[in-house]
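Chemist: Here is the input, now give the coordinates:
(one chain, ligands or ions: 2)
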Amino acid sequence: MSDRSFPEALNAQIANEFSAAMQYIGAAVYYDTETLPRLASFFYRQALEEREHAMMMVQYLLDVDEEVRIPDIKGQQTSFDDGVAPVQMALEQERRVGEEIYALFELAREVKDYRAEQFMQWFVKEQVEEVALMQDLLSVVERSKDNLLLVEEFVAREALGEEGDDPTAPPAAGGGG
Ligand SMILES: [Fe+2]
Ligand SMILES: [Fe+2]
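Modeler: Ligands and ions are numbered 1, 2, ... in the order given. Sure, this is the predicted structure:
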């Protein structure tokens with residue numbers, strides 16, 4: 001039996017999602033500095049998505065009448081060795097978040113919290129997509145690391161990470177989800 005309650009663990013995940021959002025802003029700022037606007041927009045968009053994940057978790061805690069904690073802001077890096085590094089960081093982060101999501105899912109099962117288990121299901125699917133997205137981007141960035149303008153074209157042409165509204169997504173606090 002875990003020593004953490006599900007709401008406690010979800011509050012910790014809210015911090016992780018906000019920190020993912022900040023990390024992606026850091027990556028976006030780096031690409032903007034390098035005048036790679038498509039990659040910059042891609043990461044600004046990802047940052048918004050991470051914020052949205054956090055707000056879905058906030059809404060869930062409000063709905064089940066549990067305490068919500070908003071975390072402190074931790075600084076994130078805005079400079080990288082090269083154009084591949086931010087994407088490597090992003091892929092590592094998405095893999096790590098995947099593990100965190102599975103752990104939350106497992107905890108929900110362990111404590112027989114069926115609402116929580118159902119809530120976490122969407123995030124399991126979401127992480128599969130986000131890891132796959134970053135894997136795709138990493139292989140393209142690695143292949144064209146000497147000419148990132150090719151990556152810019154790819155991101156624009158494929159409308160990378162620009163999926164439409166997902167009607168199965170949990171509601172986010174403040175709407176907009
Ligand atoms: Fe997320
Ligand atoms: Fe993500």
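
Chemist: how far away is the residue in the chain positioned nearest to ligand 1 from residue 19?
Modeler: Closest residue of the chain to ligand 1, C-beta to the ion: residue 53 (3.7 Å). Every residue, glycine included, has its C-beta placed from N, CA and C. Shown here: residue 53 relative to residue 19, a distance of 11 Å by C-beta to C-beta, to the nearest Å.

Chemist: which non-adjacent residue is nearest the residue positioned nearest the centre of the chain?
Modeler: In the chain, the C-alpha nearest the mean C-alpha coordinate belongs to residue 50, at 4.0 Å (C-alpha atoms, centre = their mean). Using C-beta to C-beta, 6 or more residues apart in numbering and skipping residues adjacent in sequence, the residue nearest residue 50 is residue 21, 3.7 Å away.

Chemist: what number of residues lie near the residue lying closest to residue 111 once chain neighbours are set aside?
Modeler: Distances taken as C-beta to C-beta, 6+ apart put residue 6 closest to residue 111, at 6.0 Å, once the chain neighbours are dropped. Residue 6 has 23 neighbours, counted by other C-beta atoms under 10 Å.

Chemist: ok, now residue 39?
Modeler: Around residue 39 there are 27 residues (other C-beta under 10 Å).

Chemist: does residue 159 count as helix, strand or coil?
Modeler: Three-state assignment for residue 159 (DSSP: H, G, I helix; E, B strand; the rest coil): coil.

Chemist: now it: how far from residue 127?
Modeler: On the measure of C-beta to C-beta, residue 159 and residue 127 end up 21 Å apart.

Chemist: higher neighbour count, those two?
Modeler: The neighbour count for residue 159 versus residue 127, taken as other C-beta under 10 Å, is higher for residue 127 (19 against 9).

Chemist: Residue 94 is in contact with that one, correct?
Modeler: Yes. If you go by C-beta atoms under 8 Å, residue 127 and residue 94 touch, sitting 6.7 Å apart.
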